[in-house]
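Peer 1: Predicted structure and sequence below. I'll ask about it afterward.
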Amino acid sequence: MTKRDLVVRIAAETGLIQQDVAVVVQKSLDYIADELAAGKTIELRNFGVFEVKERKGRTGRNPHKPEIAVPIPDRMVVKFRAGKELKKRVLSLKK
């Protein structure tokens, strides 16, 4: 599903104009991105938690020249943990 698919689906179910729904969806994503960029956690009940964590640096290898070590520095990454309700719905796929 793309952002466009989401907008079309919400607009069809709510009767709102697609352009208005697109603005709300984009603003929601912008606010989530802003909070994550500030290092904050986003918790969406029954859906999941987005959080910023530090990934430790390590030494990597070039697959074409494995004798050469490539240093990979520490960096910040976004992690997602699914909420209880989302986990339950995804697990129901396996039947």
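Peer 2: Arrived safely.
Peer 1: pLDDT below threshold where in this structure?
Peer 2: Within the chain, the ranges that satisfy pLDDT under 70 run 95.
Peer 1: can you map out the strands along this structure?
Peer 2: For the chain, applying DSSP state E gives strands covering 42-44, 48-55, 58-62, 65-72, 75-82.
Peer 1: Redo those as TSV? Include distance to Leu93.
Peer 2: For every residue, glycine as well, the C-beta is placed using N, CA and C. Formatted as TSV, the strands of the chain follow (distance: least, C-beta to C-beta, whole Å):
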stretch	distance to Leu93
strand 42-44	21
strand 48-55	17
strand 58-62	34
strand 65-72	34
strand 75-82	13
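Peer 1: Present the ones you listed as TSV; the columns should include distance to Ser92 and mean neighbour count.
Peer 2: Converted to TSV, these look like this (distance: least, C-beta to C-beta, whole Å; neighbours: other C-beta atoms under 10 Å):
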stretch	distance to Ser92	mean neighbour count
strand 42-44	20	13
strand 48-55	16	14
strand 58-62	37	10
strand 65-72	38	9
strand 75-82	13	11
